[in-house]
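>>> no letters, just coordinates:
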């Protein structure tokens, strides 16, 4: 992790502007193509959700803007970010689960499966205090949405990207899934979301 030198940062003016906004997050929804990815995952006997989380996080870690975080009047760049995702517990309500990230899919899946199994009995929704190397992830597999809005805490240092996807569907022989990126505009622009989306789609198509 390193602290950004704001005096020579090309986004300094954008940071100063959008940091003053009451609601500085913007949200973009688009579709991703799973036509190659989904059959490959099924053929390998792997669960879709965690396999998709891994692909999403690989793309996020290759997108510098999604590794930036606000700390007071400073901005830090994490070398690597981790997923914190929602999951259903045995009690029928969701909780947050944080998993360490590894570029290797099999290594990530082994850690993630163990963490998820251990978390099923706990309904805690508390965030880890003092931690900001997370990407918040939510899955809504019950519907294929075209827009989404998140509940936001309103904390001035909240700069966690929020990534969400819905129910995938078949359209004219292609498997499509709705995907949403919500990001703090002081750190992230639309071009960064576009680069992230292109990276993620390339990873999904390269199975």
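Great, that's in hand. These numbers come from a predicted model, not from an experiment.

>>> hey, let's count contacts and neighbours off CA atoms from now on
Fine.

>>> list the pairing partners of the helix-or-strand element of the chain with minimal mean pLDDT within its sheet, with orientation.
Least confident element among the helices and strands of the chain, by mean pLDDT, DSSP states H and E: strand 94-98 (a mean of 84). Applying DSSP bridges to the sheet, strand 94-98 is found paired with strand 82-88 (antiparallel).

>>> mean confidence score for the strand it pairs with?
Strand 82-88 comes out with an average pLDDT of 87.

>>> can you list the neighbours in contact with that strand?
Around strand 82-88, the neighbours that count as contacts under Cα atoms under 8 Å, 6 or more residues apart in numbering are 53, 57, 94-101, 120, 133-139.

>>> please redo it, this time with the cut-off set to 10 Å
50, 53-54, 56-58, 60-61, 67, 93-102, 116, 119-123, 125, 127-128, 132-140, 162-164 (Cα atoms under 10 Å, 6 or more residues apart in numbering).

>>> OK, contacts around residue 41?
Per Cα under 10 Å, 6+ apart, neighbours of residue 41: 47-48, 51-52, 207.

>>> filter those to the buried ones?
51-52 (16 or more other Cα atoms under 10 Å).

>>> now, among the contacts of residue 41, which is nearest to residue 152?
Sorting these by how near they are to residue 152, with Cα to Cα, puts residue 52 at the top with 24.4 Å.

>>> please verify my assumption that that closest one contacts residue 179.
No - counting by Cα atoms under 10 Å, residue 52 sits too far from residue 179 to count as a contact (11.6 Å).
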